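J.: Here is a sequence together with a model predicted from it:
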Amino acid sequence: MKFGAAAATLFLAFSLNAQAQKKDERTSPPQQASATVAGNEVTVEYSSPAKRDREIFGELVPYGKVWRTGANEATTITLGADMKVQGNAVKAGKYALFTVPGESSWEIILNEVWDQWGAYNYENDKDVARFSVAPVGLDEAVENFTFDVSASGDVTMKWDKTAVSFTLE
């Protein structure tokens, strides 16, 4: 009986390890961008899809619809202290970061329900901040969706030939 229990434990351990490895081998792998801004830690966690010869904005990511801003789970932003996000007062905490892409303007949304898959259960009454920013065209396409958080407080996302930024202070 002891041998059976040990074998079951080993089987379970190998199964969990295989699942963990499989999760880490996603098509759109999990990424993180962070910096200390005005003495406060800021972290963006997201999944990074690849362009793979697809038309991104206006096609794969439709204009005018709430987007998870990456792939898989909702992208999150964690503020280590109360901050201003593009001029909006936001309390310290973890938030889902959604966007509504547009050709000439993007809506950036911080939502209190951060632990969700995609934007399928997005509810606008849970928004803590919502503001518009202008996208900037890039000369060269960025293959993998990326975020950058700078110590100066700029948060920038880039994918394909588009960059979108907002500020933290």
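T.: Yep, it's here. Numbering: from 1, shown residues only.
J.: so how many other residues sit close to Trp117?
T.: 10 (other C-beta atoms under 10 Å). In short, each C-beta sits where N, CA and C put it, glycine included.
J.: swap that for Lys65, please
T.: Lys65 has 10 nearby residues by other C-beta under 10 Å.
J.: Distance of Ala163 relative to Val155?
T.: 11 Å (C-beta to C-beta, to the nearest Å).
J.: Which one of these two is surrounded by more residues?
T.: Using other C-beta under 10 Å, the more surrounded residue of Ala163 and Val155 is Val155, with 23 against 16.
J.: list the contacts for that one?
T.: Counting by C-beta atoms under 8 Å, 6 or more residues apart in numbering, Val155 touches Val42, Val44, Ile77, Phe147, Asp148, Val149, Ser165, Phe166, Thr167, Leu168.
J.: Repeat the analysis, applying 10 Å as the threshold.
T.: By C-beta atoms under 10 Å, 6 or more residues apart in numbering, the residues touching Val155 are 33, 35, 37, 42, 44, 77, 85-86, 97, 108, 147-149, 164-168.
J.: wait, is it part of a strand?
T.: Yes: the assignment for Val155, made by DSSP: H, G, I helix; E, B strand; the rest coil, places it in a strand.
J.: And the pLDDT at it?
T.: Per-residue confidence (pLDDT) for Val155: 98.
J.: Next: the one 3 residues further on.
T.: With respect to pLDDT, Lys158 has a value of 98.
J.: so what's it up against?
T.: Val136, Leu138, Ala141, Val142, Asn144, Phe145, Thr146, Phe147, Asp148, Val164, Ser165.
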